[in-house]
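Undergrad: sequence? don't have it. structure:
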Ligand code: NOJ
């Protein structure tokens, strides 16, 4: 099968925050349909839609109550079918979010088929990702069930073949409806060590990440479902190393097409806990991405991302969201989009949306953030200190509504938004998208180049100026072609020898100098040479 997904760019829509069509303050499917011109014009190929399934919304839809029904907040199955049809008419594809490590505790299986879940008489010491124990006592059954996420998200028991069959059937149902692929939520957590040993300090991850039967399950899923369709699959895989990634994505292994690594997202944390902040050292990022680029070259496939609904906004995180917001948003885009892999753009990234700072914890909606706040407050951590880590790492940074215009609520809704809009919407919004120097146009150019330049999808990767702590530079090479990419991650000037070739992409009007390459704050410049 043609590996079209290697040339594609994916755009993630977080439906709750994208566009509200009916004034109830919540984004919906009709809202997405209204914005298809905007997405098509950007040049993306695939939309990854975060969960739209029926859900009590404990974790914004990642707790599914019914896999074959659309959440009332988002519309109806007819709306969904209209969305697929309209996407396909435009030559665009739809990737569904597939959450099958766990369901909602309100899913009917939890009562009708308890053997689909994981029960123990005694809990072990594993902690949930959302604070507290990963086990909850069930009064009726008088046993504990495992929930790696919230207690309303019980983990499915993948050792049960009947459960697996039911999941595969549901997947085929969506594929037969016309969806073009799956983004699989924490899919490398589905196989747990059957002994359930205690983990160090309550961290059970070695016993449930990339567990003993994970490859068997993915290969079974592939032969039962995935291989029968021409689709794209990406597995979200916390704790997967490059060695794991080669196994998960190697073509001959028939598992998934690519995975989301978390390694580069953990470089600005001081310990195993994401709230434990540490400034990013650029060389850590460079060496990590170099490692993934080189290790997977010809052996697997990378996904490329800075942002999603769980991560803070990259322009605030690795760029400069004040004086150099536009420059750094473009620089970060170029840095990522000239690498090998399939790029993912998260809604609002293409207009340089930033993190948000709400005053009080009550304005935050995310369960992970709220649980962490409650736990740390009890432990006596001062409010200001907790808020500081929420400002830097909280998931609601990504979840404030899409800023369409400078109208009330950024044009997202005519009602009261379910989460406040970032107050900078009057300045940062999509209304400048047609201007030559907009961030949107810059993304559009990068996406377009990937389609026409095989070197971007196929070339070798070499890191330049390895030790430089401020500048990320690399080349891509294939036969008689070479791309040289320079990215200044700082607000100082840096001077280098002028690379060979003609200027291909640039985020400043013109080069500062023609003899030497002088990089200005957050400047990116890309040269192309044909020998
Ligand atoms: C990963 C998802 O991206 C995140 O939003 C969710 O909370 C957890 N998995 C649990 O489903």
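TA: All right, it came through fine. Being a predicted model, the structure only gives us computed values, none of them experimental.

Undergrad: where exactly do the strands run in the stretch 301-450 of the chain?
TA: 303-304, 342-346 (DSSP state E, counting those that start in this stretch).

Undergrad: Excluding chain neighbours, give the residue nearest to whatever residue of the chain ends up closest to the ligand in space.
TA: Nearest residue of the chain to the ligand (C-beta to the nearest ligand atom) works out as residue 62 at 3.4 Å. In short, each C-beta sits where N, CA and C put it, glycine included. Of all residues beyond its chain neighbours, the one nearest residue 62 is residue 99 (5.4 Å), with distances taken as C-beta to C-beta, 6 or more residues apart in numbering.

Undergrad: what about residue 169, which SS state?
TA: helix (DSSP: H, G, I helix; E, B strand; the rest coil).

Undergrad: thinking again about what came up before, quick one: closest of the strands of the stretch 301-450 of the chain to residue 9.
TA: Nearest to residue 9, of all those, is strand 342-346, at 5.1 Å by C-beta to C-beta.

Undergrad: Would you give the sheet partners of that closest one, along with the direction of each?
TA: strand 10-13 (parallel), strand 303-304 (parallel) (DSSP bridges).

Undergrad: Out of the ones you listed, which is the most enclosed?
TA: Stretch with highest mean neighbour count among the strands paired with strand 342-346: strand 10-13 (a mean of 25; mean count of other C-beta atoms under 10 Å).

Undergrad: anything in that strand near the ligand?
TA: No. Strand 10-13 stays clear of the ligand (C-beta under 6 Å from any ligand atom), getting no nearer than 10.2 Å.

Undergrad: Now do that strand: everything it contacts.
TA: Here strand 10-13 makes contact (C-beta atoms under 8 Å, 6 or more residues apart in numbering) with 32, 39, 42, 44-50, 95, 308-309, 342-347.

Undergrad: Excluding chain neighbours, what is closest to the residue nearest to the spatial centre of the chain?
TA: Taking C-alpha atoms, centre = their mean, the centroid of the chain lies closest to residue 308, which sits 3.4 Å from it. In this structure, residue 308 finds its nearest non-sequential neighbour in residue 346, 5.1 Å apart by C-beta to C-beta, 6+ apart.

Undergrad: Then residue 272?
TA: residue 203 (6.2 Å).

Undergrad: Give me the phi and psi for residue 78.
TA: The phi/psi pair for residue 78 (degrees, to the nearest 10) reads phi -60, psi -40.

Undergrad: can you check residue 115 too?
TA: Torsion angles, degrees, to the nearest 10, at residue 115: phi -70, psi -10.

Undergrad: how many neighbours does it have?
TA: Using other C-beta atoms under 10 Å, residue 115 has 12 neighbouring residues.

Undergrad: and residue 219, that one's in a strand?
TA: No. Read with three-state DSSP, residue 219 is helix and lies in no strand.

Undergrad: pLDDT wise, what is it at?
TA: You'll see residue 219 listed with a pLDDT of 98.

Undergrad: residues contacting it?
TA: Counting by C-beta under 8 Å, 6+ apart, residue 219 touches 253, 254, 255.

Undergrad: can I assume the second one is in contact with residue 222?
TA: In other words, residue 254. Yes. Contact criterion C-beta atoms under 8 Å: residue 254 and residue 222 qualify, at 4.6 Å.

Undergrad: Comparing those two, which shows the higher neighbour count?
TA: residue 222 (16 against 13).
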